[in-house]
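Engineer: fold the following.
(2 chains)
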Amino acid sequence: MIQQSTIQQSTVETPETKAHAHPNYGAIWLALLGLTVVELVVAQLPKWLPDVQGITRIMIILLVGLALAKALLVALFFMHLRFERKTFVVIVSVPVILAVVLVLALLPDVGFHG
Amino acid sequence: MSTVAVATQAPPQERQVLGVTDAKLAMWLFLGSDGMSFMGLIATYVAVRVGNLESWPHPYEILNIPLTALNTFVLICSSATMVWAFTAAQDGNVAGLKKWLFCTICGGILFLGSPVFGSSKLILHEGLTPWSLPAEFAGKSTLFGATFFACTCFHGFHVFSGVIYLSTLLVASVLRGRWTLNQIEIAGLYWHFIDLVWIIIFTIIYLF
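Structural biologist: Prediction:
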């Protein structure tokens, strides 16, 4: 079939062709940049506050949380998961869970060389 | 549901199962498996580093973190331009689509270019390779170089492939006027995925 040079609209309704307001992508973008700046600041905490007990642990928890927040913003809004059917989101979540399991499953095998 | 009947009679690239086109589902499944590949490398990095905590050099002593932070910024911006390209495509703004798609490709090339120069300095002048460390870190674990290059080069190859993918999409489809919204969306999914993986790699390898 000859494709026309105008945009090809899908003939079936999909979540992205249904009319819904675009999320404010600019705001998401600025949030991502802001979170990156916060990450860079948090990474310096052990250098600035070396006397605080367990500062490295706090830094790790904060950084993981910030990275997760950024990943969620990209996945939910840029990759449009927020507007997909729930079944689909469940399918996509499985590798995420498996990924965490993979990291945790390797930890007992860690050999401490010091 | 009548939409299902319509869906199964639609042209192959628009066929739907689970409410998304075949191609989109295929891309998501690919991204899931690719994500597991990356997690294999990242999990290895975590396990190896935890086992060698005392002899692991600090990333901020070897790696150029400000330059890499700038790179992260560039990649996040390219992700934003990709989503604006998709929005332009949805609104029928073909000129906008071309502009933003081109910006995304430029962002990808910029992201690739700076580590090439940064890494070549690290490798050639300072002695960080997958099997050795710079002289001032003698006695520390050389696994630092191995895991660092494994993760970043694997990701860099993905960005390189993504640049080729988007360039082909731009030149062979969009500029010729023969494109579908589905194609743009799927390309966007791949690009956002590599951005997402970079966010994780940057945090774990550079900032910890």
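Engineer: report the contact partners of B:Ser114.
Structural biologist: B:67, B:70-71, B:74 (Cβ atoms under 8 Å, 6 or more residues apart in numbering or on different chains). In short, each C-beta sits where N, CA and C put it, glycine included.
Engineer: let's see that with 6 Å instead.
Structural biologist: Neighbouring residues of B:Ser114 by Cβ atoms under 6 Å, 6 or more residues apart in numbering or on different chains: B:Asn71.
Engineer: roughly how far does it sit from chain A?
Structural biologist: Using Cβ to the nearest Cβ, to the nearest Å, we find B:Ser114 at a distance of 16 Å from chain A.
Engineer: tell me which helix or strand comes right after the host helix or strand of A:Leu73.
Structural biologist: Using DSSP states H and E, the element containing A:Leu73 is helix A:55-73. Downstream of helix A:55-73, the first helix or strand assigned by DSSP H and E is helix A:86-106.
Engineer: next, the angle from the helix holding A:Leu73 to helix A:86-106.
Structural biologist: 150 degrees (axes from the mean of the first three to the mean of the last three Cα atoms, to 10 degrees).
Engineer: average pLDDT for helix A:55-73?
Structural biologist: Mean pLDDT, helix A:55-73: 89.
Engineer: can you show me the CA trace of that helix as PDB?
Structural biologist: Coordinates of each C-alpha in helix A:55-73 appear next as PDB, following Å, rounded to 0.1, in the frame of the first residue of the first chain:
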ATOM      1  CA  ILE A  55      27.300   9.300  56.700                       C
ATOM      2  CA  THR A  56      28.200   6.900  53.900                       C
ATOM      3  CA  ARG A  57      25.200   4.800  54.600                       C
ATOM      4  CA  ILE A  58      23.000   7.800  54.600                       C
ATOM      5  CA  MET A  59      24.500   8.900  51.300                       C
ATOM      6  CA  ILE A  60      23.900   5.500  49.700                       C
ATOM      7  CA  ILE A  61      20.300   5.400  50.800                       C
ATOM      8  CA  LEU A  62      19.700   9.000  49.500                       C
ATOM      9  CA  LEU A  63      21.400   8.300  46.200                       C
ATOM     10  CA  VAL A  64      19.500   5.100  45.500                       C
ATOM     11  CA  GLY A  65      16.300   7.000  46.400                       C
ATOM     12  CA  LEU A  66      17.100   9.900  44.100                       C
ATOM     13  CA  ALA A  67      18.200   7.600  41.200                       C
ATOM     14  CA  LEU A  68      14.900   5.600  41.600                       C
ATOM     15  CA  ALA A  69      12.900   8.900  41.600                       C
ATOM     16  CA  LYS A  70      14.600   9.900  38.300                       C
ATOM     17  CA  ALA A  71      14.100   6.500  36.800                       C
ATOM     18  CA  LEU A  72      10.400   6.600  37.700                       C
ATOM     19  CA  LEU A  73      10.000  10.000  36.200                       C
END
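Engineer: quick one: contacts of it?
Structural biologist: Contacts with helix A:55-73, where a contact means Cβ under 6 Å, 6+ apart, come from A:28, A:32, A:35, A:39, A:42, A:45-46, A:49, B:196, B:199-200, B:203, B:207.
Engineer: now with 8 Å?
Structural biologist: Helix A:55-73 is touched from outside by A:28, A:31-32, A:35-36, A:38-39, A:42-43, A:45-46, A:49, A:52, B:196, B:199-200, B:203-204, B:207-208, with contacts defined as Cβ under 8 Å, 6+ apart.
Engineer: just the buried residues of the residues you listed.
Structural biologist: Among the contacts of helix A:55-73, those buried by neighbour count (16 or more other Cβ atoms under 10 Å in any protein chain shown) are A:28, A:32, A:35-36, A:39, A:42-43, A:45-46, B:196, B:199-200, B:203-204, B:207-208.
Engineer: those residues: which two are farthest apart?
Structural biologist: Greatest spacing in these, by Cβ to Cβ: A:Ile28 and A:Pro46 (30.0 Å).
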